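Participant: Whatever this is, show me its structure:
(chains A and B)
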Amino acid sequence: MPYEFDEILETIRMTEVEHFDIRTVTLGISLRDCADRNIENVKRNIYNKILKYGKNHVKYGKEIESRYGISIANKRVSITPISIAFDGFGIEEYVQIAQVLDKVADDIGIDYIAGFSALVQKGMTSGETELIKSIPYALSTTKHLCSSVNIASTKAGINMDAVNMMGETIKLTAEQTKDRDSIGCAKLVVFANAVEDNPFVAGAFHGVTEPEVVLNVGISGPGVVLDAIREAGNVDLQALAEVIKKTIFKITRAGELIGRKVAEKHGVPFGIVDISLAPTPAEGDSIADILMAMGVEDVGAPGTTAALAMLNDSVKKAGLMASSSVGGMSGAFIPVSEDMGMIRAAEKGNLSLEKLEAMTAVCSVGLDMIAIPGDTPASTIAGIIADESAIGIINDKTTAVRIIPAYGKKVGDYVDYGGLLGKAPIMYVRELSSAGFVGRGGKIPAPMRSLTN
Amino acid sequence: MKFTDEDLRKITLAAINELGDKASPELVKKVVSKAVEGYGIDKQFQSNNEKASGRVILTAFGLNKPGIIAGLTKALGDANCDIQDLSQKIMSDFFTVIMVVDISGSNKDLRELQDSMNRIAEELKIKVFIQHEDVFRFMHRI
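Facilitator: Next up, the predicted model:
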């Protein structure tokens, strides 16, 4: 037998019992050649180009799924940031572009298309300003579209004018989609140090340095890691790190195999494997459960940040050994609404916004899928974004804010989206004002890279 | 045979060169699409090739009883699959069977094979999993 009995059983257990799956295969498509002065031509070009490359995306994914017996949870498309390919339009035109993107996503059968984005860490063109203003209307009139705005980077600092604008944009998006628990905000990410090859929505976009079309893969196996840790029993932390690394190594290899095969089928280059541990609302598919299996009583207990840092670091080390094309976020995601364990901890009051913020300093990606009271002022949201961005630019890492000021709701209520987006309790936000600070506007200068204490 | 845009562009250029002065857009289009269609036979071959892709690992578990190996191997034989290795373990009432099966000669693809195995699994009240060998190779071998 070319494989050991145990190896075979382990693989079967991973795929059949522990929810190991390929979270997403994301086809990145450049839209830069779709530019035109005439909006009707732009819409036609976009539709035709995405259809051309994407029409078999779901079919190919399914074929590879059945060939290898590993399920691919989502097939998605990311596109060039719309503000780059189509600078110079106004709000109305951008909303029309959003609707075309939504239609083509529907027609090729994918659940999300991401890249209704702008990169404004240093400053904004008039097109970018208009695009950001159009986001609430774009997200409220579409189903599959995701949007992101990068407002800070280590090289450029934090664009506080953009931060303030995003505070307002998030509030307005919540209001525009109030009939669906402000779902628009679940599809809007504010980034610092955004990466250009991230396959995970809502923050995915096809960076300007990427090729014409590329296939990126996001893998996911919190359930597998959880079981490995439980099985390891009461070992010291060094031994535990080793257990995590071995597990991640295997699932990364499988991810790379699937990615390469789907790319081969499309006849497009294979980009990267994003090795992020991404939870789902399914029981046992939770990062919080991993942290608890490592030994903290609940997420939020002292020690949580250290446990998460170790988990995240082990994931990276093993992933880099397993694949030469690791990219994207590649860490551990800690979205609240998408993780049963995080929801539980937030409900019990064990997990606060402040602890989550500390945790984001050591993992990808940031304050993710957090519901807060609908009457939270825009300036407070801007303050939260500024804090999170500061963590990102000082530590030279990606951070993000995907926060939902749920319209008309207060602490004790829930937002419930079902599916992958899950359900979140409204979390308490300190009622102290940030207005005086964020209201100054301007820029927080780029940080220095030496004397880093 | 799949054509990339680049291939098509090259074919079109070659056609234009060949046709010389006669090359009108309509004529070029006609010639190129005819040439590309000619690869239909190749296409057929390609999809057959896809069906028959190497070896799979078949794993079966359950309560031991007579006829399990017989049931599995008959179905594999009917599908023209070649069993290259087989190992089994019995622990008290439970059995585990692992087979390495070459499906290149089979008229069924992995999914169809999985479907017929699922039917047997249901009849015998056992579990059968089939996965492509590549998955194991990638996960457990550097």
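Participant: could you pull out the strands for the chain?
Facilitator: Using chain A. Under the criterion DSSP state E, chain A contains strands at A:21-29, A:72-79, A:113-119, A:145-153, A:157-159, A:188-192, A:213-220, A:270-274, A:366-373, A:399-406, A:414-418, A:422-425, A:443-444.
Participant: not quite, I wanted chain B
Facilitator: B:55-63, B:82-91, B:94-102, B:126-132.
Participant: angle of the first one against strand B:82-91?
Facilitator: Orientation check (axes from the mean of the first three to the mean of the last three CA atoms, to 10 degrees): strand B:55-63 against strand B:82-91 gives 30 degrees.
Participant: next one: the shortest one
Facilitator: Angle, strand B:126-132 to strand B:82-91, by the same axes, to 10 degrees: 140 degrees.
Participant: What separation do you get for residue A:20 and residue B:121?
Facilitator: 21 Å (CB to CB, to the nearest Å). Using the backbone N, CA and C atoms, a C-beta is placed for each residue, glycine as well.
Participant: ok so, going back, just tell me which of the strands of chain A ends up closest to chain B.
Facilitator: Closest of those to chain B is strand A:213-220, at 10.4 Å (criterion: CB to the nearest CB).
Participant: now chain B, which segments are flagged as low pLDDT?
Facilitator: Flagging of chain B using pLDDT under 70 yields the residue ranges B:1-6, B:35-53.
Participant: need the helices for it, in chain order.
Facilitator: B:5-19, B:25-37, B:40-51, B:68-78, B:110-124, B:133-140 (DSSP state H).
Participant: Make JSON lines from these and add distance to chain A and mean neighbour count to it.
Facilitator: Output for these, formatted as JSON lines (distance: least, CB to the nearest CB, whole Å; neighbours: other CB atoms under 10 Å in any protein chain shown):
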{"stretch": "helix B:5-19", "distance to chain A": "9", "mean neighbour count": "13"}
{"stretch": "helix B:25-37", "distance to chain A": "15", "mean neighbour count": "13"}
{"stretch": "helix B:40-51", "distance to chain A": "8", "mean neighbour count": "11"}
{"stretch": "helix B:68-78", "distance to chain A": "16", "mean neighbour count": "16"}
{"stretch": "helix B:110-124", "distance to chain A": "4", "mean neighbour count": "16"}
{"stretch": "helix B:133-140", "distance to chain A": "4", "mean neighbour count": "20"}
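Participant: Serialize these to a markdown table and add fields for distance to residue A:136.
Facilitator: Output for the helices of chain B, formatted as a markdown table (distance: least, CB to CB, whole Å):
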| stretch | distance to residue A:136 |
| --- | --- |
| helix B:5-19 | 38 |
| helix B:25-37 | 46 |
| helix B:40-51 | 46 |
| helix B:68-78 | 57 |
| helix B:110-124 | 44 |
| helix B:133-140 | 44 |
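Participant: which bits of chain A sit near chain B?
Facilitator: Taking CB under 8 Å from any CB of the partner chain as the test, the list of chain A residues beside chain B reads A:1-5, A:7-9, A:11-12, A:15-16, A:66-70, A:250-251, A:253-254, A:256-257, A:267.
Participant: and the closest residue to residue A:196 other than its chain neighbours, what is it in contact with?
Facilitator: Closest residue in space to residue A:196, ignoring its immediate chain neighbours: residue A:207 at 2.3 Å, by CB to CB, 6 or more residues apart in numbering or on different chains. Taking CB atoms under 8 Å, 6 or more residues apart in numbering or on different chains, we find residue A:207 in contact with A:80, A:195-197.
Participant: Format those residues as JSON lines; extra columns: neighbour count and pLDDT.
Facilitator: Below are the contacts of residue A:207 laid out as JSON lines (neighbours: other CB atoms under 10 Å in any protein chain shown; pLDDT from 0 to 100):
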{"residue": "A:80", "neighbour count": "23", "pLDDT": "97"}
{"residue": "A:195", "neighbour count": "21", "pLDDT": "93"}
{"residue": "A:196", "neighbour count": "19", "pLDDT": "92"}
{"residue": "A:197", "neighbour count": "22", "pLDDT": "93"}
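Participant: Relative to chain B, which of those residues is nearest.
Facilitator: Out of these, the member with the shortest distance to chain B (by CB to the nearest CB) is residue A:80, at 18.3 Å.
Participant: quick one: that closest one and residue A:116 touch, right?
Facilitator: No. Counting by CB atoms under 8 Å, residue A:80 sits too far from residue A:116 to count as a contact (10.6 Å).
Participant: tell me the mean pLDDT over the helix ranked longest in chain A?
Facilitator: Counting by DSSP H, the longest helix found in chain A is helix A:237-266. Taken as a whole, helix A:237-266 has an average pLDDT of 92.
Participant: Check which helices and strands that helix sits against.
Facilitator: helix A:5-16, strand A:21-29, helix A:57-68, strand A:213-220, helix A:222-232, strand A:270-274, helix A:304-322, helix B:133-140 (3 or more CB pairs under 8 Å, 6 or more residues apart in numbering or on different chains; DSSP states H and E).
Participant: Quick one, which of the ones you listed gets closest to residue A:140.
Facilitator: strand A:21-29 (24.1 Å; CB to CB).
Participant: Can you check what angle separates the closest one from helix A:237-266?
Facilitator: 50 degrees.
Participant: Provide a list of residues in contact with residue 116.
Facilitator: Looking at chain A here, since you left the chain open. So residue A:116 contacts A:82, A:97-98, A:101, A:131, A:135, A:138-139, A:145-148 (CB under 8 Å, 6+ apart).
Participant: Sorry, I should have been clearer: chain B.
Facilitator: B:75, B:79, B:108.
Participant: cutoff 10 Å now
Facilitator: B:75-76, B:78-79, B:108, B:128 (CB atoms under 10 Å, 6 or more residues apart in numbering or on different chains).
Participant: Likewise for residue A:366?
Facilitator: A:189-192, A:203, A:329, A:333-335, A:356-357, A:359-360, A:385, A:388-389, A:391-392, A:397-403.
Participant: Which of the contacts of residue A:116 sits closest to residue A:51?
Facilitator: Closest approach to residue A:51 among the contacts of residue A:116 (CB to CB): residue A:101, at 11.5 Å.
Participant: Pull up the gap between that closest one and chain B, please.
Facilitator: Noted for residue A:101: a distance of 22 Å to chain B, by CB to the nearest CB, to the nearest Å.
Participant: what does residue A:125 give?
Facilitator: 31 Å.
Participant: That residue touches residue A:83, doesn't it?
Facilitator: Yes. Under the criterion of CB atoms under 10 Å, residue A:125 makes contact with residue A:83 at 7.4 Å.
Participant: Single out the most deeply packed of the helices and strands packed on helix A:237-266.
Facilitator: Each of those was scored by mean neighbour count; the highest is strand A:21-29, a mean of 28, by mean count of other CB atoms under 10 Å in any protein chain shown.
Participant: Name the nearest residue to residue A:203, sequence neighbours excluded.
Facilitator: residue A:189 (4.2 Å).
Participant: tell me which residues form a beta bridge with that neighbour?
Facilitator: residue A:148 (DSSP bridges).
Participant: got it, and residue A:77?
Facilitator: residue A:27, residue A:113.
Participant: Give the burial count for it, as a bare number.
Facilitator: For residue A:77, the neighbour count with other CB atoms under 10 Å in any protein chain shown is 26.
Participant: and the spatially closest residue to residue A:321 that is not a sequence neighbour, what does it touch?
Facilitator: Nearest residue to residue A:321, sequence neighbours excluded (CB to CB, 6+ apart): residue A:249, at 6.1 Å. Residue A:249 makes contact with A:275, A:317-323, B:139-140, B:142 under the criterion CB under 10 Å, 6+ apart.
Participant: of all the residues you listed, which comes closest to residue B:85?
Facilitator: For the contacts of residue A:249, the nearest to residue B:85 is residue B:140 (15.7 Å; CB to CB).
Participant: Sweet, I'm off.
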